[in-house]
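Student: Compute the structure for the input listed below.
(one chain, ligands or ions: 1)
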Amino acid sequence: KPTIAIVGRANVGKSTIFNRIIGERVSIVEDTPGITRDRIYSSGEWLTHEFNIIDTGGIELGDEPFQEQIRAQAEIAIDEADVIIFMVNGRDGITIEDEFVAKLLFKSSKPVVLAVNKIDNPEMRTDIYEFYSLGFGEPFPISGSHGLGIGDLLDEASKHFPEQPEEEYDDNVIKFSLIGRPNVGKSSLINAILGEERVIVSPIAGTTRDAIDTVYTFEDQEYVMIDTAGMRKKGKVYETTERYSVLRALKAIERSNVVLVVLDADTGIIEQDKKIAGYAHEAGKAVVIVVNKWDTVEKDSKTMKKFEDKVRENFQFLDYARIAFVSALEGKRLKTLFPFINEAGENHRKRVQSSTLNEVITDAVAMNPTPTHNGSRLNIFYSTQVAIEPPTFVVFVNDVEMMHFSYKRFLENRIRAAFGFEGTPVHIIARKRN
Ligand code: GDP
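Tutor: Here you go, the predicted structure:
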């Protein structure tokens, strides 16, 4: 998907526009308890276009001067976006900060669409002309608070979307990526995995614009390791920010079948780890939890179990994920990782037979009757798998409202127990039978 970034100094109304653009997204994924969502990155749709959108505003750099803040924002936009929406405030005219942003954007080769916000009525339209002098062509008048002009703005932005490249790999290849906050050891792990004995790296490693794909074979399984561009090159101002690591993670997640959520045994689990892992779960990807830097922990016979309990407690929404304990630095226990990746990858695209599925559901209902409400009972007529990646089941019922979260969860567990879906989320959708 193409990516739009919104850039501009503080108080021009970036977040309002961002929220307007993403609108009310209808998602089949339930709200997951325990995940704090940070809507700085989302996806949107305009006409036939689907895109990702980044609100670069308010990067947490501490008390840096505004130039540094803006520079970091602009860097993210320039590196990550296909199109940049440069927002200014029509009420204020051009400020020094606007000029500073303009100068940074001017140096990049990315297309920029200039949006003049707070033009709340047609009489104010004359206010936009001075913004021609910023040098980005026609300014687009918009009003975040009134929701005006956004369609025209998106029309213009979508003209600059690049052609989408075809997905270039076979279906049986497992595409995976490593996500985690900075310094948990992602790059070290990439190198350690590729350095394993008998890993055969293909000489024709594919390279897309956003990512460096490394194609390799290990024990007859072909893999593509998706290394979002720059994971291995570091040093920009913004690379230590939380916003940036989330952004990296999302880009990698999008193209993966299996996501390795990397934790640091040395520093332990923090809130940011959960947030990043939450994105993999919400995207419906298969997940393996990798506890790296296992060499730094002083161990006795209970250490691993204790750490595992801590992981389970913190990542309840990833109860399907296996946990591997490794040391990238010492190259230890890496072999334990591959079976988990394979299993997760296979289960993520597993299909089950409808006949068996319906037997499993019938048995489940016999064991634990469906909920009732006001004297009527939830009836399950028929179930079928409608999608893979992740396995998605539609259960046809008499009344969707009566399919409570807890009952859905129960059915999911029965399906898991019957078919084995280790490593992957399973989605269940209740639908009314017509
Ligand atoms: P990234 O930001 O997640 O890509 O992390 P890096 O791979 O750059 O690693 C961050 C730091 O952790 C570096 O100093 C690594 O040498 C160190 N590191 C990575 N893996 C391990 C490990 O398994 N054990 C120990 N002790 N240090 C590690």
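Student: Tell me how far stretch 188-205 lies from the chain's centre.
Tutor: Distance, stretch centre to chain centre, for stretch 188-205: 25 Å (C-alpha atoms, centre = their mean, to the nearest Å).
Student: now the end-to-end length of stretch 87-103.
Tutor: The first residue of stretch 87-103 is 14 Å away from its last residue (C-alpha to C-alpha, to the nearest Å).
Student: Name the residues of it that are buried.
Tutor: Within stretch 87-103, the residues that count as buried by 16 or more other C-beta atoms under 10 Å are 87-90, 97-98, 100-102. Quick note: C-beta positions are derived from backbone N, CA and C, even for glycine.
Student: what do you get for stretch 148-165?
Tutor: Buried, per 16+ other C-beta under 10 Å, within stretch 148-165: 148-150, 153-154, 156-158, 160-161.
Student: who's in contact with K107?
Tutor: By C-beta atoms under 8 Å, 6 or more residues apart in numbering, K107 lies in contact with nothing.
Student: okay, which residue is most central for the chain?
Tutor: Nearest to the geometric centre of the chain sits L250, at 3.3 Å (C-alpha atoms, centre = their mean).
Student: distance of that residue from S177?
Tutor: 10 Å (C-beta to C-beta, to the nearest Å).
Student: Could you list the residues of the protein in contact with the ligand?
Tutor: 180, 182-188, 292-293, 295-296, 327-329 (C-beta under 6 Å from any ligand atom).
Student: Just the buried ones from those?
Tutor: Applying 16+ other C-beta under 10 Å to the residues of the chain next to the ligand, the neighbour count classes 180, 184-188, 292-293, 295, 327-328 as buried.
Student: any chance you could map the helices in the stretch 51-200 of the chain?
Tutor: Taking DSSP state H, counting those that start in this stretch to define them, one finds helices in the stretch 51-200 of the chain at 66-80, 96-107, 150-159, 186-195.
Student: And for V352, nearest residue in space, chain neighbours not counted?
Tutor: F419 (5.1 Å; C-beta to C-beta, 6 or more residues apart in numbering).
Student: hmm, I was thinking of N358
Tutor: Spatial nearest neighbour of N358, chain neighbours left out: S383 (5.8 Å); criterion: C-beta to C-beta, 6+ apart.
Student: List of residues touching whatever helix or strand N19 lives in?
Tutor: Here N19, judged by DSSP states H and E, is contained in helix 14-22. Outside helix 14-22, the residues that touch it by C-beta under 8 Å, 6+ apart are 6-8, 39-40, 42-44, 53, 55-57, 85, 87, 115, 117, 142, 144-145, 147, 150, 154.
Student: Give me the subset of those residues that lies in strands.
Tutor: 6-7, 42-44, 53, 55, 85, 87, 115, 117 (DSSP state E).
Student: Output those residues in CSV; the columns should cover distance to I212.
Tutor: Putting those into CSV (distance: C-beta to C-beta, whole Å) gives the following:
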residue, distance to I212
I6, 27
V7, 26
S42, 25
S43, 23
G44, 27
I53, 24
D55, 26
I85, 28
M87, 32
A115, 33
N117, 37
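Student: which two from those residues end up farthest apart in space?
Tutor: The widest separation within the ones in strands among the contacts of helix 14-22, taken as C-beta to C-beta, falls between S43 and N117 and amounts to 21.9 Å.
Student: Looking at the two, which is more packed in?
Tutor: N117 (27 against 16; other C-beta atoms under 10 Å).
Student: nearest spatial neighbour of that one, skipping sequence neighbours?
Tutor: G13 is the one closest to N117 (C-beta to C-beta, 6+ apart), at 4.5 Å.
Student: Quick check, pLDDT for that neighbour.
Tutor: We have a pLDDT of 85 for G13.
Student: One more: P165?
Tutor: On the pLDDT scale, P165 gets 65.
Student: The one 10 residues further on too?
Tutor: Reported pLDDT at K175 in the predicted model: 95.
Student: Could you measure from it over to H427?
Tutor: In this view, K175 and H427 are 20 Å apart by C-beta to C-beta.
Student: try F340
Tutor: For F340, the distance to H427 - C-beta to C-beta - is 21 Å.
Student: And V246, by the same measure?
Tutor: From V246 to H427 the distance is 23 Å (C-beta to C-beta).
Student: if I pick the closest residue in space to P162 that isn't next to it in sequence, what's in contact with it?
Tutor: Excluding its sequence neighbours, the residue lying closest to P162 (C-beta to C-beta, 6+ apart) is D82, at 5.6 Å. When contacts are counted by C-beta under 8 Å, 6+ apart, D82 touches 2-4, 110-111, 160-162.
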